[in-house]
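Novice: quick one, what's the 3D model for this:
(2 chains)
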Amino acid sequence: MGKIITNERLNEDFFLLKAEAGEAAEKAFPGQFCMLRAGEEYPLLSRPISIFDADPASGTLSFLYKNVGKGTDIISRMKPGDELELRGPFGHGFPVHMTGRTALVGGGVGIAPLYLLAKRLAERKAVSGTAADGLTVDVYLGFSGTPVLKEEYGAVCDALTVNIGGFVTDDVDPAAYDTVITCGPEIMMRVLYRKCLARGAGDRLWVSMEKRMACGIGICKVCTCFTADGTKTACKDGPVFRAAEVFYDEAAPGAEQEAGS
Amino acid sequence: MNRLKTTFCGVEFKNPVVLASGTCGFGRELAEIRDLELLGGISSKGLTLNGSKGNAGIRVWETPSGMMNSVGMENPGVRRFLEEEEPRLESLGLVNIVNLGGHSEEDYVEGAKLLNGAACDIVELNISCPNVKAGGMNFGVKTEVARGLVRSVREVCRHPLVVKLSPNAEDITGLARMCEEEGADGVSLTNTYLALAIDIYKRKPVFDNVYAGLSGPAVRPISLRMVHQVAKAVNIPVMGLGGIMTWQDAIEYVMAGATLVQIGTATLVRPESAWEIIDGMERFLEEQGIRNIEEIRGII
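Specialist: The predicted structure is shown next:
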């Protein structure tokens, strides 16, 4: 259980929720998610929501979420002081020990997990004389509606690019980066992967898969991804995978051609 | 006092609470959360002879007080299970139930033969899979179609055999009586209910397979009624399942005639549900001055 501290509406359908999370705030790793539940018997299942920010000192976790259905609608109407069923953190998150030029590319509410990643990378960079000396972090955010949290993202990266109403993937040149990390609609991530493949950078892309989940801990197999290495659960084996692993079908002959068209 | 101790077809359970197949994997993940050995038993993920990667497309959809799933028996196959999971499950101090499915009678029989080599405690025969040869019709709908399958598996299976019944059966009590006639040691019911959801904007079914299986508290009163009918109709013991979320629900099933209860969807909602249900049942029996749960079994 976690008591809600704030639950603010940011634009048409994005909300930022901060809740007491105890130990989960210490354990939280960029790219992980929590299972949030507000209903009794309907909605029955918890909602997997990416961790936007974690503050171990105050024991709080923040979640940027989009109101897309009954579950998130109920959560969006909860008030400070209300108790939310909160479990996690779950899943395998983003790589964080990269060096060199890094791009974080988010589309829609897929921008959510990139904030904590950018923040943790900025913290690494703040310690000089380490492997993070050559690290640069560029953040690309794509919105279909009113953009949110531009200042917050801008404060934790070297360069911020915001795309409104277009394709954020158009703004990114994968060849300019050593590591590219993306989270957003599957079609957006696939387009970015095709672009990476076309530029000979297919192995540099990591993606965070969004799937409908029930348990969040790997037992029900409703979030299975078919990968180059057999079936994997988005909740436990992922949600972060190498693009080449989950989009292996893109690497088929003709994929490069398609990306160039 | 061991108020919850239960015997089911000759197998001792420390309590009547069993994790339902398909909602607990092979116990690895839940073992990280709670002690599996506090449970009565585990019915691990349904197996098919050669394994399956499961269904494509959306696999879960929420409904009022329930959920629909179309996982499609994603499983590693009987051989890999025997190598990778069975030894660990055997070493645990709880009843190890292996759930076996298949798409043809030959698959089931071959799977059952392979399981003879393992020291599992019970085989739970899942007859809710579509029968490829009968045009994809679920094996468990028509009693006489299911009879052939139960008979063939019973002939080869050396373990206690429990048949898991589908609520989509044309005649649930007739199906259960058939299982008893064919030598099954028990039955479990119900599996999920065939259901449909439509995406009205895409003008398509939500699931690639069109129909999917409904479970959760929405189905509980119907499953409870079927457990009651079946428990009255047969002399072999019954495992009851369908939407059990709380210990009160579990007690209802016992009063309706279930010797054991299985916890399914509840585990997906709250992984510790089964453990809390055991504690609640224990408290209830103590408060009510019931020395063993059999005193209230089938009293309705």
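
Novice: which stretch of helix or strand covers A:L117?
Specialist: Here A:L117 sits within helix A:112-126, counting by DSSP states H and E.

Novice: so which residues make contact with that helix?
Specialist: Contacts to helix A:112-126, defined as C-beta atoms under 8 Å, 6 or more residues apart in numbering or on different chains, come from residues A:28, A:30-33, A:49-54, A:63-65, A:93-94, A:96, A:102, A:104-106, A:130, A:132-133, A:135, A:137, A:139, A:141, A:149, A:152-153, A:156-157, A:181, A:183, A:208. The C-beta positions use only the backbone N, C-alpha and C, and glycine is treated the same way.

Novice: buried members of these into ChimeraX, please.
Specialist: To isolate the buried ones among the contacts of helix A:112-126 in ChimeraX, judged by 16 or more other C-beta atoms under 10 Å in any protein chain shown, type:
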select /A:28,30,31,32,33,49,50,51,52,53,54,63,64,65,93,94,96,102,104,105,106,132,135,137,139,141,149,152,153,156,157,181,183,208
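
Novice: just after the helix holding A:L117, pick out the following helix or strand.
Specialist: Next in sequence after helix A:112-126, counting helices and strands by DSSP H and E, comes strand A:136-143.

Novice: can you list the residues of the stretch 1-150 of chain B near chain A?
Specialist: Applying C-beta under 8 Å from any C-beta of the partner chain, one finds that the stretch 1-150 of chain B approaches chain A through B:22-25, B:29-30, B:33, B:45, B:53-54, B:56, B:58-62, B:64-67, B:69, B:71, B:74.

Novice: at 7 Å instead, please
Specialist: Applying C-beta under 7 Å from any C-beta of the partner chain, we find that the stretch 1-150 of chain B lies next to chain A at B:23-25, B:29-30, B:53-54, B:58-60, B:62, B:64-67, B:69, B:71, B:74.

Novice: need the buried ones from the residues you listed selected in ChimeraX.
Specialist: Paste this into ChimeraX to select the buried members of these, with burial taken from 16+ other C-beta under 10 Å:
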select /B:23,24,25,29,30,54,58,59,60,62,65,66,67,69,71,74
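
Novice: pLDDT below threshold where in the stretch 101-250 of chain A?
Specialist: Within the stretch 101-250 of chain A, no stretch has pLDDT under 70.

Novice: near chain B, which residues of it show up?
Specialist: Selection of the stretch 101-250 of chain A residues close to chain B by C-beta under 7 Å from any C-beta yields A:R212, A:A214, A:C215, A:I217, A:G218, A:I219, A:C220, A:K221, A:V222, A:T224, A:F226, A:T231.

Novice: please enumerate the helices of chain B.
Specialist: Along chain B, counting by DSSP state H, helices occupy B:28-31, B:78-84, B:86-91, B:105-115, B:143-156, B:172-181, B:220-233, B:247-255, B:265-269, B:273-287.

Novice: list the buried ones in the third one?
Specialist: I take that to be helix B:86-91. Neighbour-count burial for helix B:86-91 flags B:E86, B:L89 (criterion: 16+ other C-beta under 10 Å).

Novice: returning to that earlier point: just send the helices of chain B back as a markdown table, with mean pLDDT too.
Specialist: Output for these, formatted as a markdown table (pLDDT from 0 to 100):
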| stretch | mean pLDDT |
| --- | --- |
| helix B:28-31 | 96 |
| helix B:78-84 | 97 |
| helix B:86-91 | 96 |
| helix B:105-115 | 96 |
| helix B:143-156 | 96 |
| helix B:172-181 | 98 |
| helix B:220-233 | 98 |
| helix B:247-255 | 98 |
| helix B:265-269 | 97 |
| helix B:273-287 | 98 |
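
Novice: which one of these is the most hemmed in?
Specialist: Most buried of the helices of chain B, by mean neighbour count (mean count of other C-beta atoms under 10 Å in any protein chain shown): helix B:265-269, with a mean of 27.

Novice: ok, and what's touching that helix?
Specialist: For helix B:265-269, the surrounding residues in contact (C-beta atoms under 7 Å, 6 or more residues apart in numbering or on different chains) are A:44-46, A:214-215, A:220, B:19, B:23-24, B:67, B:215-216, B:243-245, B:273-274.
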